[in-house]
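[1] Need coordinates for the following:
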Amino acid sequence: MDRIAGDGAATTLRGKLGAYVALTKPRIIELLLITTVPALFAAQRQVPGLWTVLATLVGGTFAAGSANALNMVVDADIDAKMRRTRVRPLARQLVPTRNALVFGIVLGILSCTFLSLTTTWQAGVLAAVAILFYVFVYSIWLKRRTSQNIVWGGLAGCMPVIIGWSAVTGDIGWPAWVFFGVIFFWTPPHTWALAMRYKDDYAAAGVPMLPVVAPERVVVRQIVLYSWAMVVCSLLLVPASSFIYAAVAVPVGLVFLACAHLLHVKVLRGEPAKPMTLFHLSNLYLTFISVAWAVDAAVGLRIVGWPW
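    Numbers count the residues shown, from 1 in each chain. Down below sits the predicted model:
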């Protein structure tokens, strides 16, 4: 849930700064950065240099903040209609739309320039692609037109992994593409679980999220299928890691699958479903396997050889 200062506080310097920070959706940025760090470690095959980590995280924060701010400009009318998002700055008119647009564009330019100058030019280009894809393909084109919006629009959220890898090496190794796939398959269960809880909000705003346009039993079946694809994809990293990653990826994957199947069974039986349990678990799942991949890259390297 987005939380920002009250209307009165928005007239103060602190309130205005808080409104601009809220435009960047800090909680979403946290998740994106969590997936960036392990890519840095894995690409380096050890603990990367502090400057590389800081530069990539700063550039990645600016890029994500830019995409999120521009998304809020596009979605201002939708956000005002939904209980979950009506507290956002543009929905409450705490920030002028023109200012938010300029803010998002400037952040985007800064992120791409900064990454190009401090890491690799490929990382800067990939950041630009991620921003443009999220704004023009997902926010403007897909979101209001198809129930598959989050499936293909979610590709932008997969980009931090390959940006992080590219920031170290200047190219993209196959393990980065595998983790890219993990996040791609993770996004629908994560988002559809949330959309099940706020289905009425999305319907009121005219956004055709899958839970709005399809029966619940169809939604939970899709959640189960994508969950299996996500866990299977996560195991493809095992050959490029040591037992440390596997010791985390296997059990947390099984827990996630159990939760997804439980949600499916409850819906089929007509029992009260709790999709937010899966939503919160999805955040923990991504955090656990990301940390495991990073630790494995830093420590596992000394235990077994890397076959790639």
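[2] switch to C-alpha atoms for all contacts and neighbour counts from now on
    OK.
[3] From residue 233, how far off is the nearest residue to residue 145 once chain neighbours are set aside?
    Taking Cα to Cα, 6 or more residues apart in numbering as the measure, residue 145 lies nearest to residue 208, with 6.9 Å between them; neighbours along the chain are not counted. Using Cα to Cα, to the nearest Å, one obtains 28 Å as the distance from residue 208 to residue 233.
[4] Tell me, how many residues neighbour the residue nearest to residue 145?
    When neighbours are defined as other Cα atoms under 10 Å, residue 208 has 20 of them.
[5] repeat for residue 172
    The local packing of residue 172 (other Cα under 10 Å) involves 19 other residues.
[6] do the same with residue 211
    24.
[7] okay but it is in contact with residue 197, surely?
    No: using Cα atoms under 8 Å, residue 211 and residue 197 do not qualify as a contacting pair, with a distance of 9.0 Å.
[8] Could you pull out the helices in the stretch 1-150 of the chain for me?
    Per DSSP state H, counting those that start in this stretch, the stretch 1-150 of the chain carries helices over the ranges 13-23, 26-44, 50-74, 76-81, 97-118, 121-132, 149-153.
[9] Give me the angle between the fifth one and helix 121-132.
    Looking back up the chat, that one is helix 97-118. Here the directions of helix 97-118 and helix 121-132 differ by 160 degrees (axes from the mean of the first three to the mean of the last three Cα atoms, to 10 degrees).
[10] can you check the second one too?
    Comparing the axes of helix 26-44 and helix 121-132 via the same axes, to 10 degrees yields an angle of 150 degrees.
[11] Not counting helix 26-44 itself, show me its contacts.
    Counting by Cα atoms under 8 Å, 6 or more residues apart in numbering, the neighbours of helix 26-44 from elsewhere in the structure are 47-48, 53, 57, 60-61, 64-65, 157, 160-165, 167-169, 173, 176, 283, 286-287, 290-291, 293-295, 297-298.
[12] buried subset of the residues you listed?
    47-48, 53, 57, 60-61, 64-65, 157, 160-165, 167-169, 173, 176, 286, 290-291, 293-295, 297-298 (16 or more other Cα atoms under 10 Å).
[13] picking that back up, mind checking how far the residue nearest to residue 145 is from residue 201?
    According to Cα to Cα, residue 208 stands 11 Å off from residue 201.
[14] Please apply the same query to residue 171.
    Distance from residue 171 to residue 201, counting by Cα to Cα: 42 Å.
[15] same thing with residue 60?
    Taking Cα to Cα as the measure, residue 60 falls 30 Å from residue 201.
[16] Equivalent analysis for residue 232, please.
    Distance from residue 232 to residue 201, counting by Cα to Cα: 33 Å.
[17] Next: residue 281.
    On the measure of Cα to Cα, residue 281 and residue 201 end up 22 Å apart.
[18] before we move on, what about residue 106?
    Distance check for residue 106 against residue 201: by Cα to Cα, it reads 31 Å.
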